[in-house]
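Visitor: Can you look at this prediction? I've put the sequence above it.
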Amino acid sequence: MGKTLAEKILTEKSGQDARAGDIVIAKVNVAAFQDGTGPLGVRQLQKMKISKVKAPKSIFFLDHAAPSPRKELSNDHILLREFSRKSGATLSEVGDGVIHQRLVETFVKPGDVVIGGDSHTCTSGALGAFATGMGSTDVAIGMAMGKTWFRVPQTFRIEVEGRFQPGVLSKDLILYLIGQLGADGATYKALEFGGPTIDRLSMESRFVLSNMAVEAGAKVGLIASDKKTKEYLKSQGRIRDWRPITPDKDAEYERVIRINADKLVPQVAFPHTVDNTRPITKAKGIKIDQVFIGTCTNGRIEDLKIAAKILKNKKRASHTRLIVVPASRKVYLEAMKLGLLEIFVRAGAIIMGPGCGPCVGVHQGVLGDGEVCLSTANRNFKGRMGNPKGFVYLASPATAAYSAIMGKISDPREIMAQKKPRRRR
Amino acid sequence: MKLKGRVWKFGDSISTDLICPGRYFHLRSNLPELAKHVLEDADPEFASKMSKGDFVVAGNNFGLGSSREHAPTIIKLSGVSAVLAKSFARIFYRNAINVGLPLLECDTDKIDEGDELEVDLSTGIIKDKTKGFELQAKPLPRAMLNILQDGGLVAHIQKHKDFKLD
Ligand code: SF4
């Protein structure tokens, strides 16, 4: 019997025949922390008197509170900087960018096992890496020992065919899927995305799918490493890191879910759960106080290009604030070179430094009581943007940009469909 | 080991944002202070009303969302003796075991707020003393049980110098 992507990678990294349900101890290639989970991890290591890291790439990212809005967090940053220096870990400084964007740009390669003290570590799965979020103690011990234990997950194969209508993006696909599965529909499972539509998708669009796998409860969101992966790594100056990884044809899947992209319409997740998704037609007209374009889900250059195309020579609605946060320094620089930042500023946006920005309610763009935000992030839980009395809706960067102009949730197909439609298949 | 206490009942989908809100991010290195806000966005008065030894009882997918280990850590720190739910989110589950917070997966529908429970962790038997019925929780996977019995992952590694899961 053949193997799924999850089984293949864990077989290689554990040195035993890893099958769904088995417990394996696997080598860890990349162990990562962010500034919210790192301090607890470091203290656990200190408690165990461990001062050196063993995972080949051990990295601390200062991104959630970057730059720090208060002294307590500045002190956490000091702790992480000092520990990195002494332990041999790498430090990603304030302004370098969000953990998951930095990981895919610079650190992760196909076939790696990646553990991160952040639930969206699954983002790197789009590169064909077994990448999963864990708590501080697990990551700290994985970082120190260069290995960790896993239960090999059963896999749901998500098979997608057809072409997106103009105005529909991979964000709409994943929101739709989470709506179908429910927030716990894939708990403990691996999602494996494939099929003709996925083959055609850019890496940037693929990252969106893997990023949100955890919102259906999944452990990983995997995509085969193929030509697109190779092109992407090449564009990042890392062609040597590429190698192909595909699931076996006769791999055993617990479920196969088929989706036809032709029929998909833009989706919106309503407050306060990610699986509360509805087609845009049900959301149209909801007045919004703030639009946020950014995060490890949709703060990449492809997203900013789409948003800039819509916002070019337009203005945000007078009652709607617009916040744009490039996910990394690299993305920021590229947006600058392409003139996207000027388009945003002229449209009335405020651009903030690379990082998580307002995503997790630490600082910047905190909602007022009763305020509504349309965000390109991956979570809309109550209190998520710093105020339990705020309301967060999730959508694609196209929906977000167009809605910022209209001042209410609006269907981006209204403007993007005007383009000559691409010939089908 | 037998645990006794009163029930605080919560619904489905209690996220880590509800358990440990992002706006207290700056308190993450000050756990006793952070624990004063435990479950605040699910029930603002929970931390002040509960007593040591009480149980948190919830519906489906308890602990979904972020990987913050602070969530199970402050539940434990606040004195909650165990969390009972119909199901748990994956990362929360593993974190809770790692920090030594007992979890019991069972059908919680018949348990109500204020009920007196007696829980035997070794057998997974839950007695509702108020209503007079018994429930059997799903057993923990062996790997998890080993870690919990050692007192969490740090203690487990210190004891065995490695993972010892079976
Ligand atoms: S951008 Fe948001 S979801 Fe992504 S790592 Fe940062 S806080 Fe988490």
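Guide: Nice, thanks for sending it over. Keep in mind the model is a prediction, meaning the values are calculated, not measured. Numbers count the residues shown, from 1 in each chain, chains lettered A, B, ... in the order given.
Visitor: switch to C-alpha atoms for all contacts and neighbour counts from now on
Guide: Will do.
Visitor: Return the alpha-carbon coordinates of stretch A:265-274 using PDB.
Guide: C-alpha atoms of stretch A:265-274 as PDB (Å, rounded to 0.1, in the frame of the first residue of the first chain):
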ATOM      1  CA  VAL A 265     -18.100  32.300  -5.200                       C
ATOM      2  CA  PRO A 266     -16.300  34.700  -2.800                       C
ATOM      3  CA  GLN A 267     -16.700  33.600   0.800                       C
ATOM      4  CA  VAL A 268     -17.000  35.500   4.100                       C
ATOM      5  CA  ALA A 269     -16.500  34.100   7.600                       C
ATOM      6  CA  PHE A 270     -18.900  35.800  10.000                       C
ATOM      7  CA  PRO A 271     -18.100  36.400  13.600                       C
ATOM      8  CA  HIS A 272     -17.100  34.700  15.900                       C
ATOM      9  CA  THR A 273     -15.900  31.400  14.300                       C
ATOM     10  CA  VAL A 274     -13.900  30.700  11.100                       C
END
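Visitor: That stretch and the ligand, any residue contact?
Guide: No. Using CA under 6 Å from any ligand atom, stretch A:265-274 stays clear of the ligand, coming no nearer than 12.4 Å.
Visitor: residues in contact with that stretch?
Guide: Applying CA atoms under 8 Å, 6 or more residues apart in numbering or on different chains, the contact partners of stretch A:265-274 are A:165, A:167-169, A:172-173, A:175-176, A:178-179, A:183, A:215, A:275-280, A:283, A:378-382, A:391-396, A:399, A:411-412.
Visitor: In helices, which of those fall?
Guide: Residues of these located in helices (DSSP state H): A:172-173, A:175-176, A:178-179, A:399.
Visitor: In chain B, which residue sits nearest the ligand?
Guide: Across chain B, the shortest distance to the ligand (CA to the nearest ligand atom) belongs to residue B:66, at 7.7 Å.
Visitor: Tell me, how many residues neighbour the residue nearest to that residue when sequence neighbours are not counted?
Guide: Ranked by CA to CA, 6 or more residues apart in numbering or on different chains and with sequence neighbours excluded, the top spatial neighbour of residue B:66 is residue A:119, at 5.1 Å. Counted with other CA atoms under 10 Å in any protein chain shown, residues neighbouring residue A:119 total 26.
Visitor: residues in contact with residue A:119?
Guide: A:132-134, A:214, B:65-67, B:91.
Visitor: picking that back up, how close does the residue of chain B closest to the ligand get to residue A:133?
Guide: According to CA to CA, to the nearest Å, residue B:66 and residue A:133 sit 9 Å apart.
Visitor: Please enumerate the shared neighbours of those two.
Guide: Taking CA under 8 Å, 6+ apart as the contact rule, residue B:66 and residue A:133 both touch A:118-120.
Visitor: Chain B: which of the ones in helices among the contacts of stretch A:265-274 is nearest?
Guide: residue A:178 (13.6 Å; CA to the nearest CA).
Visitor: doesn't residue A:216 make contact with the closest one?
Guide: Yes. Between residue A:178 and residue A:216 there is a contact at 5.5 Å, judged by CA atoms under 8 Å.
Visitor: Give me the more crowded residue out of the two.
Guide: Taking neighbours as other CA under 10 Å, residue A:178 and residue A:216 compare with residue A:216 leading, 28 against 25.
Visitor: Chain neighbours aside, what residue packs nearest to the more buried one?
Guide: Closest residue in space to residue A:216, ignoring its immediate chain neighbours: residue A:183 at 4.2 Å, by CA to CA, 6+ apart.
Visitor: any residues in contact with both of residue A:178 and residue A:216?
Guide: The contact sets of residue A:178 and residue A:216 overlap at residue A:275 (CA under 8 Å, 6+ apart).
Visitor: quick one: contacts for the closest residue to residue A:109 other than its chain neighbours?
Guide: Ranked by CA to CA, 6+ apart and with sequence neighbours excluded, the top spatial neighbour of residue A:109 is residue A:241, at 5.6 Å. Residues near residue A:241 by CA under 8 Å, 6+ apart: A:109-110, A:233.
Visitor: Give me the phi and psi for residue A:257.
Guide: Per-residue torsions, residue A:257: phi -110, psi 120 (degrees, to the nearest 10).
Visitor: quick one: contacts for it?
Guide: A:156-159.
Visitor: quick check: longest helix of the chain.
Guide: Using chain A here. Longest helix in chain A, counting by DSSP H: helix A:71-87.
Visitor: I was thinking of chain B, sorry if that wasn't clear
Guide: The helix that spans the most residues within chain B, counting by DSSP H, is helix B:90-99.
Visitor: contact partners of that one?
Guide: Applying CA under 8 Å, 6+ apart, the external contacts of helix B:90-99 come out as A:119, A:133-135, A:137-138, A:187-188, A:217-219, B:62-64, B:67, B:69, B:71-73, B:102-103, B:144, B:147-148, B:151-154.
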